[in-house]
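S.K.: Task: produce atomic coordinates for the following.
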Amino acid sequence: MSRTTSAKKSETSNEISIGPEDRIPPRERIVSTASELFRERGIRGIGVDAIADAASTNKMTLYRHFGSKDELVCETLRRASEKAGAIWRDLEMAYPGNPRAQLYAWVEMRAQCLNGEPAGCDLANAAIELKGEGHPAHEMIERHKAEQRDRLAALCSAAGAREAELLADTLTLLLEGARVSRQAMGAASCCGHFAKACNAAIASFA
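M.R.: Alright, predicted model coming up:
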């Protein structure tokens, strides 16, 4: 019997026991699997049947946890937003009371993220793919991007930068542009100069 079959039956009856690898709650399996598939194939490129199958569950279980595919999309993006937002806590813990060091560390952390996200930013990709559809995820994406930019502006200001708002916009544009460049031209393209470009921008606003 396959792992998928075993997992599916265990969610609907007590006849078959599950192994340690199947003890991840169905909701968590569905969300993590959907996140990977949306990243690989696009939100419109994968259906709920395929997501349920890849998550070793069934469509009935998926809809028990999420009323619709749109709701599942929103949950995957909410978690991506939380993960991206954790950078601010990490910066404060690494350089307490030193906003300028935090700003330069932000550049380094974002440069590392660029190397670790060959598919680009999940939220930005979703915004492009769902453009014009009135999808409920749009509000979440806009709020996330605005919060990230505003926190960056606050950090620039705390670091003593002149025209902190403009510097935050410049760094944001460099980040989003580097993400697109990496997808379109590869890791060896101009996105490789992201950190140098950001540091030069910060120095020019000192």
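S.K.: Tell me the confidence at the residue minimising distance to the centre of the chain?
M.R.: The geometric centre of the chain, computed from its C-alpha atoms, lies nearest to Ala80 (C-alpha atoms, centre = their mean), at 3.5 Å. On pLDDT, Ala80 comes in at 92.
S.K.: Leu72: neighbour count?
M.R.: 23 (other C-beta atoms under 10 Å). Quick note: C-beta positions are derived from backbone N, CA and C, even for glycine.
S.K.: list the contacts for it?
M.R.: Residues in contact with Leu72, defined by C-beta atoms under 8 Å, 6 or more residues apart in numbering, are Ile30, Val31, Ala34, Val48, Ile51, Leu62, Phe66.
S.K.: go with 7 Å
M.R.: By C-beta atoms under 7 Å, 6 or more residues apart in numbering, the contact set of Leu72 is Ala34, Phe66.
S.K.: From Ala137, how far out is it?
M.R.: Applying C-beta to C-beta, to the nearest Å, the value for Leu72 to Ala137 is 10 Å.
S.K.: Report the buried residues of the helix or strand harbouring Ala127.
M.R.: Assigning secondary structure by DSSP states H and E places Ala127 in helix 122-129. Of all the residues in helix 122-129, those buried under the rule 16 or more other C-beta atoms under 10 Å are Asp122, Leu123, Ala124, Asn125, Ala126, Ala127, Glu129.
S.K.: how close does the closest residue to Gln183 other than its chain neighbours sit to Ile46?
M.R.: Sequence neighbours aside, Gly120 is the residue nearest to Gln183 in space, at 5.0 Å (criterion: C-beta to C-beta, 6 or more residues apart in numbering). Look at Gly120 and Ile46: by C-beta to C-beta, they are 17 Å apart.
S.K.: before we move on, what about Ala80?
M.R.: 16 Å.
S.K.: cool, Trp106 as well?
M.R.: Per C-beta to C-beta, Trp106 is found 33 Å from Ile46.
S.K.: just the helices in this protein please.
M.R.: Along the chain, the segments classed as helices by DSSP state H run 3-12, 26-41, 48-54, 59-65, 69-94, 99-116, 122-129, 137-158, 164-185, 194-204.
S.K.: by contact count, what packs against the fourth one?
M.R.: Read that as helix 59-65. On a contact count with 3 or more C-beta pairs under 7 Å, 6 or more residues apart in numbering; DSSP states H and E, helix 59-65 meets helix 26-41, helix 48-54.
S.K.: Output those helices in CSV; the columns should cover distance to Ile202.
M.R.: Output for the helices and strands packed on helix 59-65, formatted as CSV (distance: least, C-beta to C-beta, whole Å):
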stretch, distance to Ile202
helix 26-41, 31
helix 48-54, 42
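S.K.: Of these, which is nearest Ala159?
M.R.: For the helices and strands packed on helix 59-65, proximity to Ala159 was assessed by C-beta to C-beta; helix 26-41 is nearest, at 33.0 Å.
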